[in-house]
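> Give me coordinates for this.
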Amino acid sequence: MVNKKSRQEVRVKKHMRIRNRISGTAERPRLAVYRSNNHMYAQIIDDVAGSTLVAACTLEKEVKEQLEKVKELVLGEVNVKEMEFISETAGLITKKIKPNFKTLGKIYGKQMKEIAAALAALGQDVISEIQASETSGTGYVLNLPSGDVTLNKGDYEISSEDMPGWLVATEGTLTLALDITITDALRYEGVARELINRIQNLRKDSDFDVTDKITVKVFADGLDGEEIAASLAGFRDYVAAQTLAVDVQAAPLSESGDAPEVEWNDGNIRIRVERI
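Below you'll find the predicted structure:
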């Protein structure tokens, strides 16, 4: 192979949350951005539980600089905890390349079978080199027994495939890989956010003033009760701070009395919110 390009890669670690509930949960995968020549790719890593969401996207240097300026805004909008730049993407994203028979066939008709087999056998490093050639505006020369083949933009299609525990999406040169592993720590933080959502709705329904202090008691049984209790063990102060509660407790449903019902998972729990 020839035309190997020098590559500078940057990866952005971030923590993202999987928004599979209305109020959003803290089930955060990770996003990554790494750079090749003047292009950048991204990756997210979860420091709460060590799970990793990796995203790879081609971005100009100027865009990376602009992203730094609005970093906190972006992190807040996508519920990502951290963003940083990294250098290696090997093992994070698996790419595949296939030929565009329409464009290559016009020039290398008799070699197309050999070209297709060669592209299918290419390693990740070579595929990255081909991408780097495309972004720099030069062709990549593929050495084949039947003769050299120059690959230009549009002569091939590069895609990213899902890896175990990851979801990968590609559009053009933009690739996003999401680590969908949800740890207990992330799950419990998500439960805490769900509780905040329900409590805030009850505050609103009760016409409480935004400065009113409250007490909260959550009534649930079974797996819901266990999950809520575990969540409050680690995030009680967070829930209290977000809802202006001076006390947040969990209790069995048998003690709920006429406390309001709220939807929870596939059923209902009860939450009593009282103004002090």
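> where along the stretch 151-276 of the chain do the strands fall?
156-161, 166-171, 174-179, 214-219, 245-251, 261-264, 267-275 (DSSP state E, counting those that start in this stretch).
> Would you confirm that residue 225 contacts residue 252?
Yes - counting by CB atoms under 8 Å, residue 225 does reach residue 252; the two are 6.7 Å apart. No exception for glycine: its C-beta is placed from N, CA and C like everyone else's.
> neighbour-wise, which of these two wins?
Each of residue 225 and residue 252 has its neighbours counted (other CB atoms under 10 Å); residue 225 has more, 17 against 11.
> returning to what we had before: residue 109 is nearest to which of the strands of the stretch 151-276 of the chain?
The closest of the strands of the stretch 151-276 of the chain to residue 109 is strand 156-161. By CB to CB, the value is 16.2 Å.
> Quick check: mean pLDDT of the helix or strand where residue 128 lies?
Element membership for residue 128, per DSSP states H and E: helix 124-136. Taken as a whole, helix 124-136 has a mean pLDDT of 86.
> after it, next one along is what?
Downstream of helix 124-136 (by DSSP H and E), the next one is strand 140-142.
> gap between residue 190 and residue 265?
11 Å (CB to CB, to the nearest Å).
> Can you list the low-confidence ranges for the stretch 1-150 of the chain?
1-64, 78-92 (pLDDT under 70).
> Could you identify which of the strands of the stretch 151-276 of the chain is most buried?
Of the strands of the stretch 151-276 of the chain, the one with the most neighbours on average (mean count of other CB atoms under 10 Å) is strand 174-179, at a mean of 24.
> picking that back up, tilt between the helix holding residue 128 and strand 156-161?
130 degrees (axes from the mean of the first three to the mean of the last three CA atoms, to 10 degrees).
> and helix 124-136, what other elements does it pack with?
Secondary-structure packing of helix 124-136 (3 or more CB pairs under 8 Å, 6 or more residues apart in numbering; DSSP states H and E): strand 30-36, strand 94-99, strand 140-142, strand 156-161.
> in the shortest one, what counts as buried?
Neighbour counts using 16 or more other CB atoms under 10 Å place 140, 142 of strand 140-142 among the buried residues.
> Offset the numbering so it begins at 536, please.
Okay, using 536 as the starting number, the last item reads as strand 675-677.
> Could you please name the strands that strand pairs with and the direction of each pair?
Here strand 675-677 is paired, per DSSP bridges, with strand 684-686 (antiparallel).
> Quick check: residue 717 vs residue 647, distance?
Counting by CB to CB, the separation of residue 717 from residue 647 is 45 Å.
> Kindly report the same for residue 605.
46 Å.
> again with residue 801
Taken as CB to CB, the span from residue 801 to residue 647 is 53 Å.
> and if you look at residue 749?
71 Å.
> try residue 634
7 Å.
> now swap in residue 698 and tell me
For residue 698, the distance to residue 647 - CB to CB - is 30 Å.
> In this model residue 649 seems to touch residue 677, though I could be wrong.
No - counting by CB under 8 Å, residue 649 is not a contact partner of residue 677; they are 9.9 Å apart.
> which residues does residue 778 contact?
Residue 778 sits next to 731, 734, 735, 738, 749, 751 when contact means CB atoms under 8 Å, 6 or more residues apart in numbering.
> Now for those: which two are most distant?
731 and 749 (12.3 Å).
> still on that earlier bit, quick one, which of residue 634 and residue 647 is more surrounded?
residue 634 (21 against 15).
> sorry, back to before: could you export the strands of the stretch 686-811 of the chain as TSV, including mean pLDDT and distance to residue 672?
Shown next, in TSV, are those (pLDDT from 0 to 100; distance: least, CB to CB, whole Å):
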stretch	mean pLDDT	distance to residue 672
strand 691-696	84	16
strand 701-706	69	21
strand 709-714	63	18
strand 749-754	98	60
strand 780-786	97	59
strand 796-799	96	54
strand 802-810	97	58
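> closest to residue 657 out of those strands?
Across these, closest to residue 657 is strand 691-696 (CB to CB), at 10.0 Å.
> ok, that closest one: who's next to it in the sheet?
strand 629-634 (antiparallel).
> Export only the CA atoms of the partner strand, formatted as PDB.
As requested, the backbone C-alpha atoms of strand 629-634 are provided in PDB (Å, rounded to 0.1, in the frame of the first residue of the first chain):
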ATOM      1  CA  THR A 629     -14.900  -1.300  13.500                       C
ATOM      2  CA  LYS A 630     -15.100  -0.100   9.900                       C
ATOM      3  CA  LYS A 631     -15.900  -1.800   6.700                       C
ATOM      4  CA  ILE A 632     -15.200  -0.600   3.100                       C
ATOM      5  CA  LYS A 633     -16.800  -1.700  -0.100                       C
ATOM      6  CA  PRO A 634     -16.300  -0.500  -3.700                       C
END
